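[1] Predicted model and sequence below, questions to follow.
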Amino acid sequence: MKKIGLFWGSTSDNTKIASEFMQEYLEDKGFEVESHDIGDVDVEDILNYENVIIGCPTWNIGELQDDWDSVFMRYEELDFSGVTAAFFGCGDQTGYPDNFLDAIGILAKPFMDKGGKLIGKCSTEPYDFRESVALDGDKLLGLGLDYDNDDEDDCEELMVSWLDQIIGEF
């Protein structure tokens, strides 16, 4: 099986917790996963993988997490041809219903514009929000996790379902 590069940024540790869960789940399924905190690596390292998972929480009013924000200008210039990626993010659908999961859209759109193949779109259910940059018609461009309003078990169930979906597409 091909290696999966897992790239994430986290400030409050929710995205880190999700990344650790995903890595363990995928490794239990026989995948080799190399996990990278985007604050500790070059953003170009994403191009070392054919299959990647990218995680970023939405901060403030629709912004990228600081580590992703600091590399975003270089990120959006990369050529993602030949790379397949699934995106996930943490957000607060109750406190920020007008920009829930915006970070997913902020990162996924230039990825697709620069030749990358996006997998792992999700239904907007069970979320309750008004707007998101991550919307693509009636789907989200990736998995949303709301540790602020949902139980950790609910987040894990969403991750398992999503990971089982993308495994078949990698």
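    Structure's in. What do you need?

[2] How many residues are close by Phe80?
    Residues lying near Phe80 (other Cβ atoms under 10 Å) number 20. Quick note: C-beta positions are derived from backbone N, CA and C, even for glycine.

[3] got a list of what it touches?
    Ile46, Leu47, Phe111, Met112, Lys114, Gly115, Gly116 (Cβ atoms under 8 Å, 6 or more residues apart in numbering).

[4] Now intersect those with the strands, please.
    Among those, none falls in strands (DSSP state E).

[5] can you redo these as JSON lines with distance to Glu125?
    Formatted as JSON lines, those follow (distance: Cβ to Cβ, whole Å):
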{"residue": "Ile46", "distance to Glu125": "30"}
{"residue": "Leu47", "distance to Glu125": "34"}
{"residue": "Phe111", "distance to Glu125": "24"}
{"residue": "Met112", "distance to Glu125": "23"}
{"residue": "Lys114", "distance to Glu125": "30"}
{"residue": "Gly115", "distance to Glu125": "31"}
{"residue": "Gly116", "distance to Glu125": "26"}
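
[6] Can you tell me which of the residues you listed lies closest to Leu64?
    Among the contacts of Phe80, Phe111 lies closest to Leu64 (Cβ to Cβ), at 13.4 Å.

[7] got the contact list for the closest one?
    Ile54, Phe80, Val83, Ala85, Phe87, Leu118.
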